[in-house]
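Chemist: Provided below are the primary sequence and the corresponding predicted coordinates.
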Amino acid sequence: MATILLLNGPNLNLLGQREPERYGHTTLADIESELGARAHAAGVSLDHFQSNHEGALIDRIHAAPAEGVRRILINPGGLTHTSVSLRDALLGVAIPFYEIHISNVHAREAFRQTSLLADVAAATLAGFGPRGYRLALDAAIAAIKES
Ligand SMILES: O=C(O)[C@]1(O)C[C@H](CCCOc2ccccc2)[C@@H](O)[C@H](O)C1
């Protein structure tokens, strides 16, 4: 069974608990649960991992090929704007990935408008709120089934 890996970076464990006006009331556990059920219904497996630590995310990416991961959905959090190492890890495993942002980063502070991942991502998605995760999952499932 094909596997999709959902990765969430620093502070995303706080979803639904703080700044709901910006990030909504949906918790990360809600998102992971919904996407897991949706993937299963489509005949695809979903693995999920959240960490506040860059190296832990990189280690998880390194393990992805051996686990049969076909697509990666990643909200890198603030690492989006800073992490060459995360970029290098994603390039290194050569698994197509979709960059997801809950907020419209292009309408925020200037520093959030720079992504070190976007130019090597298969797709980016921002501003749809938590629904963006579902949109990205559906696109990943369709891409796997078409390949
Ligand atoms: O809009 C997004 O999804 C972001 O990736 C969220 C990041 C922040 C992670 C979430 O941080 C929270 C802080 C408090 C409450 C909930 C989330 C931010 O640094 C990016 O620029 C855009």
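Modeler: Received, thanks.
Chemist: Tell me who's in contact with residue 69.
Modeler: Residues in contact with residue 69, defined by C-beta atoms under 8 Å, 6 or more residues apart in numbering, are 3, 4, 5, 47, 95. C-betas here are computed from N, CA, C, even on glycine.
Chemist: In contact with the second one, which residues?
Modeler: By C-beta under 8 Å, 6+ apart, residue 4 lies in contact with 39, 44-47, 69-73, 137, 140-141, 144.
Chemist: In strands only, show me these.
Modeler: With strands defined by DSSP state E, the entries of the contacts of residue 4 inside them are 45, 46, 47, 69, 70, 71, 72, 73.
Chemist: Of the contacts of residue 4, which is the most crowded?
Modeler: The member of the contacts of residue 4 that has the most neighbours, counting by other C-beta atoms under 10 Å, is residue 140 with 28 neighbours.
Chemist: That one against residue 98, yeah?
Modeler: Yes - with contact defined as C-beta atoms under 8 Å, residue 140 reaches residue 98; the gap is 6.4 Å.
Chemist: so what's in contact with the two at the same time?
Modeler: Common contacts of residue 140 and residue 98, defined by C-beta under 8 Å, 6+ apart, comprise 71, 73.
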